[in-house]
Structures are given as C-alpha cells and as structure tokens.
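Trainee: predicted structure and sequence below. I'll ask about it afterward.
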Amino acid sequence: MDKIDLRTQYKALYNPSAKKVVLVDVPPLQFAMIDGQIPPGGSVGDSPDFQEAVGALYGISYTLKFMFKKRAADAIDYPVMALEGLWGTESGSFNPAVQETWLFTAMILQPDVVTPEAFEEGRAQLLKKHPGPGPMRLRLETFHEGRAIQIMHVGPYATEPETLARMDAFAAENGLTLHGRHHEIYMGDPRRADPTKLKTVLRHPVL
C-alpha cells in the first residue's frame, strides 16, 4: 500500500516555531471547504453553523481516506489533517473584541489524489450514512495563500491577541502589509487538551 505523508511534506506549514514569527510562501493546496458565519455576540463553540461545518468536513475527510485505503487496486493511505479556519468580517477588519458578524471558511487539507470525481463519490457515501445539509455545503477547492507570516500559538484561544500583536510587530518591522483573511490551524482538541498546552498555527497573508 502506498502512503502519502502530508504531515512531513508540509511540516514547515503545520509545525512552525512558537518562539518567532516567520515568513513563508504557501503553495496552492487543495481543501474540502464550507463557508458560514457567526452572528454578533456568538461564539465558535456555541455556533450550530460552525459545528455543522466541522462535522461535515471530518465526515468527508475520513470517508475519502478509507475509500482510498480500502480500494482493491492501488490502495493509498494518508492522514486526515487538522481543521483550519479562514476568518474575516463584513467590514474587512480582524479584531476578536469587535462585536460584528464573523465570516468563516472551515476547511481540511486533502491530498492531490482526491479528484473532483472522487470527492463527489465520497460525498455520496457520506450522505447515505449522514443525510442532511452539512455534506451538501461541502466543496473541493484549491486555495493559494502565497506569501504569509505565521507562528505557533501555545495556550488558550483567549490569549491569541498577544501572539497576533507579535505578528503585527513583525510585519511592521519588515515593511509587510497584512491583507486577506486571518488563518488558524487547530492542532489540538480544546475538548480534551489542557488549555495552556493547546497549539494553534496563526497565519496571515502579507504583501
């Protein structure tokens, strides 16, 4: 059985240092995606829209993984990657303290062997097991983030603004301008991990 080691292949993007902000060039990558929003005053943990998106994304990711792993010829195994989120607002700003509608794209990286045809086959299998609106919201799309700054944030989500301030300072010191949507990669499960040890990759495109 062939294996695709996505974690090693993209180690620089998914396991950066927590000590310093670094500049990276993110290549075009393929994701299963779902768009949604969280109304003012709402939270990620309490959002039915976000929870539905997460359930569908993990559902399609594991369905595809085992579809390729169990096929009779040319079986392939690969890991299901971490949940990611692109975050923004209708005003275009990014400030967690501001009360306005949050727009998100939740997504999980998929290997190149997942073609549009395979994706639709996986979606059909998922719908048979878990019928509902979640799987119908899924799409397969290539996302080219390009030049970006990133760092590993260690600790609870509530302390992210401190790390974001370090990113802002790095950008200013190096003549970089933030643009596009804030990107988070959730390397830990907040339901199980010690909040002080949670790891989240924080990334933001720059010009």
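Mentor: Cool, got the structure.

Trainee: show me the beta-bridge partners of the most centrally placed residue in the chain.
Mentor: Nearest residue to the geometric centre of the chain (CA atoms, centre = their mean): residue 84, 1.2 Å. Legend: beta-bridge partners of residue 84 under DSSP bridges are residue 107, residue 185.

Trainee: distance check, it against residue 61.
Mentor: Distance, residue 84 to residue 61, using CB to CB, to the nearest Å: 12 Å. For the C-beta atoms, the positions are set from N, CA and C on the backbone; glycine is no exception.

Trainee: list residues touching both of those two?
Mentor: residue 108 (CB atoms under 8 Å, 6 or more residues apart in numbering).

Trainee: per-residue confidence at the residue nearest to the centre of the chain?
Mentor: In the prediction, the pLDDT value recorded for residue 84 is 97.

Trainee: go on, residue 95?
Mentor: pLDDT, residue 95: 69.

Trainee: for this protein, which residues score under the pLDDT cut-off?
Mentor: 94-97, 190-191 (pLDDT under 70).

Trainee: buried ones in the longest helix seen in it?
Mentor: When the chain is parsed with DSSP state H, its longest helix is helix 48-69. Residues 49-50, 52-54, 56-57, 59-61, 63-65, 68 are the ones in helix 48-69 that count as buried (16 or more other CB atoms under 10 Å).

Trainee: which residues are contacting the next helix or strand after it?
Mentor: The helix or strand immediately downstream of helix 48-69 is strand 76-77, counting by DSSP states H and E. For strand 76-77, contacts defined as CB under 8 Å, 6+ apart pick out 1-4, 65, 68-69, 111, 113.

Trainee: farthest-separated two in these?
Mentor: Longest distance between any two of these is 14.1 Å, between 1 and 111; criterion CB to CB.

Trainee: which one's more surrounded, those two?
Mentor: Higher neighbour count among residue 1 and residue 111: residue 111, with 18 against 8, using other CB atoms under 10 Å.

Trainee: so that one touches residue 79, yeah?
Mentor: No. Using CB atoms under 8 Å, residue 111 is not in contact with residue 79, being 9.4 Å away.

Trainee: who touches both of these two?
Mentor: Residues within reach of residue 111 and of residue 79 at once, by CB under 8 Å, 6+ apart, are residue 6.

Trainee: what sits closest to residue 184 if chain neighbours are left out?
Mentor: Excluding the flanking residues, the one nearest residue 184 by CB to CB, 6 or more residues apart in numbering is residue 85, at 4.9 Å.

Trainee: spit out the contact partners of that neighbour.
Mentor: Residue 85 sits next to 104-107, 183-184, 186 when contact means CB under 8 Å, 6+ apart.

Trainee: let's go with 10 Å and repeat that
Mentor: Going by CB atoms under 10 Å, 6 or more residues apart in numbering, residue 85 touches 36, 44, 50, 53-54, 102, 104-107, 181-186, 200.

Trainee: do residue 168 as well
Mentor: 21, 149, 161, 176, 178, 204.
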